[in-house]
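Colleague: I'll drop the sequence and a predicted model, then ask my questions.
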Amino acid sequence: MSDAEFRSEKIELPGAVVYRLHGVLGDTQHCYDFLESFLDCLETCPDTIVFNCAELENMYSSGIGILANCFTKARASDKTLSICCVKPVITRTLTITGIEPMLKEYASEEEALAAARG
């Protein structure tokens, strides 16, 4: 899968929004378009946001920056952002870069949504 194939699906649910990420999160226009779309959504989206990473194949340093930016902006907007279905290669990258401790990670999308509902 090439970097140009990165895409995201936005699913709006009652009280939550889920972004399903596909491909490689890196230094491509598709990735920056995703970041811009996410930041635009923060003003109007529900308090619960989930990034489903089941189809995210890899992440480069610029992708880590995009992810960190999303979490920082979500927190500043009083939103809860969690991730789910993270592959081991992504978990290793997040651990090595020191980002992993700031994330709420769940095994499934359903688990992440249930945790947000309390």
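Modeller: Looks like it came in fine. Please read these numbers as outputs of a predicted model, since none were measured by experiment.
Colleague: Nearest to the spatial middle of this protein, which residue is it?
Modeller: Geometric centre of the chain, nearest residue: Phe51, 3.5 Å, by CA atoms, centre = their mean.
Colleague: Hmm, Tyr32 is touching Ile66, no?
Modeller: Yes - counting by CB atoms under 8 Å, Tyr32 does reach Ile66; the two are 7.4 Å apart. Just so you know, the C-beta spots here come from the backbone N, C-alpha and C atoms, and that holds for glycine as well.
Colleague: Show me which strand runs longest in the chain.
Modeller: Determined from DSSP state E, the single longest strand within the chain is strand 48-59.
Colleague: residues of the helix or strand following it that come out buried?
Modeller: Later in the chain than strand 48-59, the nearest helix or strand by DSSP states H and E is helix 61-76. Neighbour counts over helix 61-76 (16 or more other CB atoms under 10 Å) mark Gly63, Ile64, Gly65, Ile66, Leu67, Ala68, Cys70, Phe71, Ala74 as buried.
Colleague: Just the angle for helix 61-76 relative to strand 48-59, thanks.
Modeller: Note on geometry: by axes from the mean of the first three to the mean of the last three CA atoms, to 10 degrees, helix 61-76 and strand 48-59 are set 170 degrees apart in direction.
Colleague: Restricting to C-alpha, output the helix or strand that helix 61-76 is followed by in PDB.
Modeller: Sequence-wise, the next helix or strand downstream of helix 61-76 (DSSP H and E) is strand 80-84. As requested, C-alpha coordinates have been extracted for strand 80-84 and formatted as PDB (Å, rounded to 0.1, in the frame of the first residue of the first chain):
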ATOM      1  CA  THR A  80     -12.000  12.900  24.600                       C
ATOM      2  CA  LEU A  81     -10.000  11.300  21.800                       C
ATOM      3  CA  SER A  82      -9.100   7.600  22.000                       C
ATOM      4  CA  ILE A  83      -7.700   5.000  19.600                       C
ATOM      5  CA  CYS A  84      -8.600   1.400  19.000                       C
END
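Colleague: could you dump the buried residues of helix 61-76 to JSON lines with pLDDT?
Modeller: Converted to JSON lines, the buried residues of helix 61-76 look like this (pLDDT from 0 to 100):
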{"residue": "Gly63", "pLDDT": "94"}
{"residue": "Ile64", "pLDDT": "93"}
{"residue": "Gly65", "pLDDT": "94"}
{"residue": "Ile66", "pLDDT": "95"}
{"residue": "Leu67", "pLDDT": "94"}
{"residue": "Ala68", "pLDDT": "93"}
{"residue": "Cys70", "pLDDT": "95"}
{"residue": "Phe71", "pLDDT": "94"}
{"residue": "Ala74", "pLDDT": "95"}
